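Peer 1: can you look at this prediction? I've put the sequence above it.
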Amino acid sequence: MTRVLIVEDEPEFMRRFSSAVLNDPAFSLVAAVSTGLAANAMLDLQRPDVLLVDLGLPDVSGVEVIRYAASRHPKCEVLVVTMFGDDAHVVAAIEAGATGYLLKDASEERIAASIHELCAGGSPINPGIARRVLARFRLAPKPPPPSEPGLAGERSPLTARETELLRLTAKGFTFDTIGQVMEISPHTVVAHVKKIYRKLAVHSRSEAVYEASQMGLL
Amino acid sequence: MALALPCAAAQAAPAVMVIDRVQRLASNERAPPDAERAWLPASLPDGGAANRDRPQPESVWYRMVFNGPPADAPPASWAVYLPFFYDGGSFWLNGLQVASVPESSATVQVRWERPHLVNLPAALLRSGENALAIRAAALPAGNVRRMPRVSIGPLDALQPTYDRRMFWARTLPQITTAVCLLMAGFVLFIWWRRRSEMLYGLFGITAALWGIRTLTFVIEQMPVAQWHLWRMAYLGATGGFVVLMAIFALRFAGIRRPWIERGLLLYALVGPLWLGLQGRAAEPFINRFWSAGLIPVGLSVLGVSLYNLLRQRTWAAALLPAALVFPVVAGVHDYLLAWDVVPLMAALPHWTEQRIFLLHHGANLLLLVMGGLLTVRFVRALSALEQLNFTLEARVADRERHLAANFSRMATLQQQHAAAQERQLIMREIHDGLGSRLFTSLSRVERGDMDEAQIAEALRDCIGDMRLALDALTPGEEDFRVVLGNFLFRWQEQLEDAGVRSAWTIDWPEGAPPLAPQRLLQLLRIMQEAFTNVLKHAQATQLHMALRPWAGGVEVEVQDDGRSAVAPQRHGGRGLANMRARATQLGGELIFERSDRGTRVLARVPVVAPSSTGLALQTIA
């Protein structure tokens, strides 16, 4: 049974998401809250498997909630809900620790399907996001500090295959085509995407740590 | 400077004796004739006008007696000094030859311009009376004998006088010749490179002629065979110099009279041609009459340059006449001296007996001034050029600033224009797309014309429209394939949820001209309409979309396997009209085909807009 926590301040959408979760026998809804602080409290209290979070919350930003979940409960899968699926918001959420995204007007079936995909280890990605993720890795200008041996000497933590996957996606190829080109199944493709998302989150955190140490905060 | 010369000999040392009382005997003997011969008393200087018309076939002996150094005086070298000794000869002291100066012979012609200082050997010199005999060589035809006063005394007392005259009469002409020829070469080179600078040419030739003429003081011995040619060259150089000076002065004053110039040049040629035709015998006549003709030419040069001074009243214009006065006067003086004209001889006997010619010093001064004037002109031309360059640079810089200002103004305008265009685009988006759709839906809902499903569909359309606009108009997204990819990615999900298998073929070469955002947006709308139709009406199971280049544009093909039995409904019909209108608006076309195998929509859109407005939007993108 997958335990789901929903964070959404608009009652209409909260009802819709809740309905999608409740109607699927594989899921159980642990809570549906409408503020970020409540979400944090519920995260600690309930330790859900999946967090479904909207970005625009009345008290704190959805990104804060994602960051909190990623740091305190790394095993919790985070699915971010966006209005239009615009790349900038999605990438910010992924950097905070989200591994999937969902359009706000998605049908109940689509919502459930997305949660299933996420739990099965896959994540969606569109060309715009792929492009931004590539840029985030490539444009990281500062070499990692020598105290972090895991990243030392590496320009990008992505493997060659992951980079290739992003490049193909950015060109507008479908997962089917990419799978054919890279000789892997479409399922493996989305699994790669999820790994990339995680790396992006770690990368952005290490960058933040590095910058903080540079500024003398740590 | 030259004035110091004649007095020096007489006054420098009282011990020097200047002999003017002598005995004279015309004889070709090589040794001094005996005292018993028919010696006649004579006085020095000898010759000149007095014996000009008398033929002088023989050499002449001069005999003089002088007292040697006193016996009790400290031993010192004694010498004999002659300021000139044009034709050479020999010196005998107490019956023995002490020196000789080469004379003209059948093969060699001599002409000594230099002074002579002859050492008297102490062994031959007596403390009492001594007899000095000087043999003056026989003269070539036409030459006039001239014998100066003879100075005898200690060498130390005579040496400075000798040195001074040696410098003025020989060393300076040597320097002059060298400098003139060098300068001529230099100036003529400038003229060769810049033919229009006629003054440089004149100056160069004048300097060259003067260098040649001055050789007369440098060449002392010459084979007889060449002597004649040399004299022609000498005459030509002298005449040419004076005449070119005149032309230079005329041109410098801005006077161009070709016939005067031609006449002058012709006159300069008369002298040497006359000598060439008539031979040596003609030289005295030529010297006397043709050379005299050069004097008025010189005077008119002076006149012209004074006239120029009056007209221009500049320092440069004043310089030339000032420098001309001395050579003109010197030229007249030299002519009078050469021809022993009586008034001059009578007025300045001590000066004229020294026979110091001045013209070549005057000419040096003149050449210096001419060179200076040309240098001033040259420097002025350079300065003018510099000034011109400077003003030109300033003007160019000014122009550049102006252009830069214009450019930035234009850039600002263009930016404002671009921003305005962009705003207009977004306004039109809201107005024509989303706005009109919402208004239509609202009015239909108010009329009760829409059921819930239709309202949901209309709202879904609106959201889809907004997504499309957000995708296409994202700032900084240059690659339209990313936008297209986002669009297709979203649609793939929807189509799959509806049970339609979809496949895309995107065949767009790298580096092909990109599609501007607002054109891409219209194209995506066409595709959205086509996809929506497939989803709603076709009952298709498969959809294939292909994008490829098409004659300067993009071709999009949407093919489904839907049943053709279903006739296009109202909505579908309007959708088709919409698609067609959009394609036409972009300057493209829309082809719609329906068969039992399915429906095929083909949209062709050029990359560049057909109108200028479209072009402007293109550049903004």
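Peer 2: Received it, and whenever you're ready, just let me know what you need.

Peer 1: so B:Trp504 sits in a helix?
Peer 2: No. Secondary structure of B:Trp504, determined by DSSP: H, G, I helix; E, B strand; the rest coil: strand, with no helix assignment.

Peer 1: tell me the contacts of it?
Peer 2: A:Gly172, A:Thr174, A:Thr177, B:Leu488, B:His544, B:Met545, B:Ala546, B:Leu547 (C-beta atoms under 8 Å, 6 or more residues apart in numbering or on different chains). In short, each C-beta sits where N, CA and C put it, glycine included.

Peer 1: how about the contacts made by A:Val193?
Peer 2: For A:Val193, the residues meeting the contact criterion (C-beta under 8 Å, 6+ apart) are A:Gly122, A:Ser123, A:Pro124, A:Ile125, A:Leu165.

Peer 1: out of these, the closest to B:Val379 would be?
Peer 2: B:Val379 lies nearest to A:Leu165 out of the contacts of A:Val193, by C-beta to C-beta, at 77.5 Å.

Peer 1: what about that closest one, how many neighbours?
Peer 2: Using other C-beta atoms under 10 Å in any protein chain shown as the criterion, A:Leu165 is surrounded by 27 other residues.

Peer 1: cool, and the one 3 residues further on?
Peer 2: As a burial measure, A:Leu168 scores 20 neighbours (other C-beta under 10 Å).

Peer 1: which residues of chain A lie near chain B?
Peer 2: Counting by C-beta under 8 Å from any C-beta of the partner chain, chain A comes close to chain B at A:84-87, A:103, A:105, A:107, A:109-110, A:126-128, A:131, A:169-174, A:176-177.

Peer 1: filter these down to the buried ones, ChimeraX style.
Peer 2: Buried residues within these, by 16 or more other C-beta atoms under 10 Å in any protein chain shown, are selected in ChimeraX with:
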select /A:84,85,86,87,103,105,110,126,127,128,131,169,170,171,172,173,174,176,177
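
Peer 1: hmm, back to that, among the contacts of B:Trp504, which pair sits farthest apart?
Peer 2: Across these, the longest distance by C-beta to C-beta is 15.1 Å; it joins A:Gly172 and B:His544.

Peer 1: what is the neighbour count of B:Arg604?
Peer 2: Counted by other C-beta under 10 Å, the residues lying close to B:Arg604 total 18.

Peer 1: ok, it - contacts?
Peer 2: By C-beta under 8 Å, 6+ apart, the contact set of B:Arg604 is B:Trp550, B:Gly553, B:Val554, B:Glu555, B:Val556, B:Ala583, B:Gly588, B:Glu589, B:Leu590, B:Ile591.

Peer 1: show me what secondary structure element comes after the host helix or strand of the last one.
Peer 2: By that I understand B:Ile591. According to DSSP states H and E, B:Ile591 maps onto strand B:589-595. Sequence order places strand B:598-606 as the next helix or strand after strand B:589-595, per DSSP H and E.

Peer 1: how far off centre is that next one?
Peer 2: Here strand B:598-606 is found 71 Å from its chain centre; the criterion is C-alpha atoms, centre = their mean, to the nearest Å.

Peer 1: now the helices for the stretch 301-450 of chain B?
Peer 2: Under the criterion DSSP state H, counting those that start in this stretch, helices of the stretch 301-450 of chain B are mapped to B:315-338, B:342-347, B:349-352, B:359-428, B:436-447.

Peer 1: and B:Gly47, how far from chain A?
Peer 2: Counting by C-beta to the nearest C-beta, to the nearest Å, the gap from B:Gly47 to chain A is 108 Å.

Peer 1: residue contacts, that residue?
Peer 2: The contact partners of B:Gly47, by C-beta under 8 Å, 6+ apart, come to B:Val144, B:Arg145, B:Arg146, B:Met147.

Peer 1: how about those residues in JSON lines, adding neighbour count and secondary structure?
Peer 2: Compiled in JSON lines, the contacts of B:Gly47 are given as follows (neighbours: other C-beta atoms under 10 Å in any protein chain shown; DSSP: H, G, I helix; E, B strand; the rest coil):
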{"residue": "B:Val144", "neighbour count": "19", "secondary structure": "coil"}
{"residue": "B:Arg145", "neighbour count": "21", "secondary structure": "coil"}
{"residue": "B:Arg146", "neighbour count": "19", "secondary structure": "strand"}
{"residue": "B:Met147", "neighbour count": "23", "secondary structure": "strand"}
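
Peer 1: buried residues, the longest helix along chain A. List them.
Peer 2: The helix that spans the most residues within chain A, counting by DSSP state H, is helix A:186-214. Within helix A:186-214, the residues that count as buried by 16+ other C-beta under 10 Å are A:188-207, A:209-210.

Peer 1: one more: stretch B:174-189?
Peer 2: Neighbour counts using 16+ other C-beta under 10 Å place B:Thr176, B:Thr177, B:Val179, B:Cys180, B:Leu181, B:Met183, B:Ala184, B:Val187, B:Leu188 of stretch B:174-189 among the buried residues.

Peer 1: do the same with stretch B:197-204
Peer 2: Quick answer for stretch B:197-204 (16+ other C-beta under 10 Å): B:Glu197, B:Leu199, B:Tyr200, B:Gly201, B:Leu202, B:Phe203, B:Gly204.

Peer 1: re earlier: turn the contacts of B:Trp504 into JSON lines, including distance to B:Asp398, secondary structure and pLDDT.
Peer 2: As requested, the contacts of B:Trp504 are arranged in JSON lines below (distance: C-beta to C-beta, whole Å; DSSP: H, G, I helix; E, B strand; the rest coil; pLDDT from 0 to 100):
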{"residue": "A:Gly172", "distance to B:Asp398": "53", "secondary structure": "coil", "pLDDT": "77"}
{"residue": "A:Thr174", "distance to B:Asp398": "61", "secondary structure": "coil", "pLDDT": "79"}
{"residue": "A:Thr177", "distance to B:Asp398": "61", "secondary structure": "helix", "pLDDT": "83"}
{"residue": "B:Leu488", "distance to B:Asp398": "56", "secondary structure": "helix", "pLDDT": "86"}
{"residue": "B:His544", "distance to B:Asp398": "64", "secondary structure": "strand", "pLDDT": "90"}
{"residue": "B:Met545", "distance to B:Asp398": "59", "secondary structure": "strand", "pLDDT": "90"}
{"residue": "B:Ala546", "distance to B:Asp398": "58", "secondary structure": "strand", "pLDDT": "90"}
{"residue": "B:Leu547", "distance to B:Asp398": "53", "secondary structure": "strand", "pLDDT": "89"}
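
Peer 1: appreciated, that's everything.
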